[in-house]
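# Attaching a predicted model along with its sequence, questions to come.
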Amino acid sequence: MQSPPSGISVTSTAINSFKIQPFTIISLKNKKPTSFPSHHVSPSSYQLFPPFSLSKSGLCRASEVVDLFPALCSQVRIREARVMDYWEVAETHCSCFFPEYSFPLDFLIRIDRLLLAMLASILTALVRPRACKRICLVAVIGNGSGSGTSLHQTLSSFPSILNKEYVAGILTLDNFADYLPRKGPRRWRRTEIAYISNVAVRENLRGKGIAKKLIGKAESMARSWGCRAVALHCDLNNSMATKLYKGQGYKCVKVPKGAKWPQPRSSPDITFNFMMKLLNNSPASH
């Protein structure tokens, strides 16, 4: 699901997909890093609901339902999201970027992200030029023996559920250049630059290198698209996300004074670092 799952980013998420649109943003609200950004929620990371929270109401959060199925395997694989992954992609995106919402709002926003991701995929195929690409990557754990089973088979057999691959993290990648500064007096869109968004890892699985694996796979995909660089937006106040990206070779790009560069649509109080990384010509295997 690209961009939400957004492909989820954005924004391009997300989810950079949750952009499921492309866009990736990491937030440390309430002392909980909500995700590893990049512009990180699809461009719509979205103030869909008013800024109040029911998180202390004692009601069950939708994320708790998914978390009933713990990771049964420590091995992590990165692959493109499938249709059957979309709900878990939306869940991962929302639990990271919208942790303050409780039932029923948390459930509704997950449905919204799910529909946005599906719509984004359809529009990308029908409206965008053929050269435009968007993909939602997922980090999955589990032996994958149930990945090829039908929905009926999965629901009719409890062991099938236990063997199902579990989405641990997401990332959206695209080459639309929606969030890149235009060039020249005619404001041409930039080409050969991929954009990462909606980077998110489930809270109980952070610190295990999952975000790095997602970023590495995204860079490999960008090379296969013929891109020479990868860009993203990172929450200026998210020191963990900034450290992560710098550790992967991303550099902060200073915005010229007075320039009005595009950036993810999010809360007005969030400011971003625009970061880029040049890719070498030799393809990397991840």
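Okay, I see it. Residues are numbered from 1 along each chain as shown.
# Please identify the buried residues of stretch 226-233?
Residues of stretch 226-233 classed as buried by neighbour count (16 or more other C-beta atoms under 10 Å): 227, 229, 230, 231, 232, 233. No exception for glycine: its C-beta is placed from N, CA and C like everyone else's.
# just the helices in this structure please.
For the chain, the helices defined by DSSP state H cover 62-66, 86-97, 105-126, 151-156, 158-163, 210-224, 239-247.
# looking at the ones you listed, which is buried most?
Across the helices of the chain, averaging neighbours per residue (mean count of other C-beta atoms under 10 Å) puts helix 86-97 on top, at a mean of 30.
# Tell me the helices and strands packed up against that helix.
Here helix 86-97 is seen to pack against helix 62-66, helix 105-126, strand 134-141, strand 166-174, strand 193-201 when contacts are counted using 3 or more C-beta pairs under 8 Å, 6 or more residues apart in numbering; DSSP states H and E.
# Adding mean pLDDT and distance to residue 276, write these out as JSON lines.
Shown next, in JSON lines, are these (pLDDT from 0 to 100; distance: least, C-beta to C-beta, whole Å):
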{"stretch": "helix 62-66", "mean pLDDT": "43", "distance to residue 276": "33"}
{"stretch": "helix 105-126", "mean pLDDT": "88", "distance to residue 276": "23"}
{"stretch": "strand 134-141", "mean pLDDT": "95", "distance to residue 276": "19"}
{"stretch": "strand 166-174", "mean pLDDT": "96", "distance to residue 276": "14"}
{"stretch": "strand 193-201", "mean pLDDT": "97", "distance to residue 276": "8"}
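# Please render those as TSV that adds distance to residue 271 to the earlier fields.
Converted to TSV, these look like this (distance: least, C-beta to C-beta, whole Å):
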stretch	distance to residue 271
helix 62-66	27
helix 105-126	24
strand 134-141	26
strand 166-174	21
strand 193-201	16
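# sorry, back to before: of the helices of the chain, give the one that comes closest to residue 190.
With C-beta to C-beta as the measure, helix 210-224 is the member of the helices of the chain nearest residue 190 (13.4 Å).
# Also compute the angle for the closest one relative to strand 134-141, please.
Using axes from the mean of the first three to the mean of the last three C-alpha atoms, to 10 degrees, the direction of helix 210-224 lies 140 degrees away from that of strand 134-141.
# what packs against helix 210-224?
strand 76-80, strand 134-141, strand 166-174, strand 193-201, strand 229-235, helix 239-247.
# In a markdown table: the ones you listed, plus distance to residue 269.
Output for these, formatted as a markdown table (distance: least, C-beta to C-beta, whole Å):
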| stretch | distance to residue 269 |
| --- | --- |
| strand 76-80 | 33 |
| strand 134-141 | 28 |
| strand 166-174 | 23 |
| strand 193-201 | 19 |
| strand 229-235 | 11 |
| helix 239-247 | 17 |
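# ok, and which of these has the densest surroundings?
Buried most deeply of the helices and strands packed on helix 210-224, by mean count of other C-beta under 10 Å, is strand 193-201, with a mean of 37.
# lowest-confidence helix or strand of this protein?
helix 151-156 (a mean of 40; mean pLDDT, DSSP states H and E).
# Hmm, residue 134 is touching residue 123, no?
No - with contacts counted by C-beta atoms under 8 Å, residue 134 stays clear of residue 123, the gap being 9.6 Å.
# who does residue 166 bridge with?
For residue 166, the beta-bridge partners are residue 141 (DSSP bridges).
# wait, it sits on residue 138?
No - taking contacts as C-beta under 8 Å, residue 166 lies outside contact range of residue 138: 9.9 Å.
# shared neighbours, these two?
residue 88 (C-beta atoms under 8 Å, 6 or more residues apart in numbering).
# just checking, residue 210 touches residue 139?
Yes - using C-beta under 8 Å, residue 210 is in contact with residue 139, at 4.8 Å.
# what touches both of the two?
76, 168, 169, 201.
# show me the contacts for the third one.
Read it as residue 169. So residue 169 contacts 36, 92, 138-139, 199-202, 205, 210-211, 213-214 (C-beta under 8 Å, 6+ apart).
# Let me know the closest of these to residue 240.
Nearest to residue 240 among those, counting by C-beta to C-beta, is residue 36 at 7.7 Å.
# Sweet, I'm off.
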